[in-house]
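Novice: Dropping a prediction and its sequence here:
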Amino acid sequence: RVAAGEAAAQRPTAADELFAPGTIRELRVTMSERDWATLRENFQLNTYYTADLRVMLGSGETVVRNVGVRSRGSGSRSGVKPALKIDIGRYVSGQRVFGLRTLILRNLLQDVSMLHEHVTMELQRRMGLPAPRTVFARFFVNQQYAGLYEIMEDVDEEFLDRVAGEHDGYL
């Protein structure tokens, strides 16, 4: 078994550039205007909508077509600035971006400083505890600025492989 935190040091992942500390990313989603309006109107539902995703990094632009986008969260759900789950392989089996199946976009509405979760996750990682990576992003939908969001690594099998070196058993 690999101790928590050691797995990441041993095996760099494709997502390392996305979650590079001290960066602000730019994410752009293009989807039907009608779907975006419906998602915002029905933000309490978990209905997926088809979209294309563009991620701008220092190394260039990555485009992923036919991803699934839905509202997410509990108390953070909002029709004005929806928290989102982007399921990369929702419509294209096995499709990933930077080795990830999912991107979580936190709307930060419950944290006026927009820093609590980010600082907490960084502190946990520095203490050697397994914690999802986070990075801030300017988020655009159909060329319109939707606000500052936080991209959070999904706690899934890839996360467990990275921080624990395995994903067997219950999460």
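Specialist: Alright, I've got the coordinates. Numbers count the residues shown, from 1 in each chain.
Novice: which stretches of the chain have low pLDDT?
Specialist: 1-12, 171 (pLDDT under 70).
Novice: remind me, longest helix of it?
Specialist: Scanning the chain for the helix with the most residues, using DSSP state H, yields helix 116-126.
Novice: Buried ones in that helix, by neighbour count?
Specialist: Neighbour counts over helix 116-126 (16 or more other C-beta atoms under 10 Å) mark 117-118, 121, 125 as buried. Glycine gets a C-beta too; all of them are placed from N, C-alpha and C.
Novice: gap between the helix or strand that it is followed by and the chain center?
Specialist: The helix or strand immediately downstream of helix 116-126 is strand 134-141, counting by DSSP states H and E. Put simply, strand 134-141 sits 9 Å off its chain's centre (C-alpha atoms, centre = their mean, to the nearest Å).
Novice: what's next to strand 134-141, contact-wise?
Specialist: 18-21, 23-31, 36, 105, 114, 117-118, 121-122, 145-153 (C-beta atoms under 8 Å, 6 or more residues apart in numbering).
Novice: Select the longest strand from this protein.
Specialist: Longest strand in the chain by number of residues (criterion: DSSP state E): strand 60-71.
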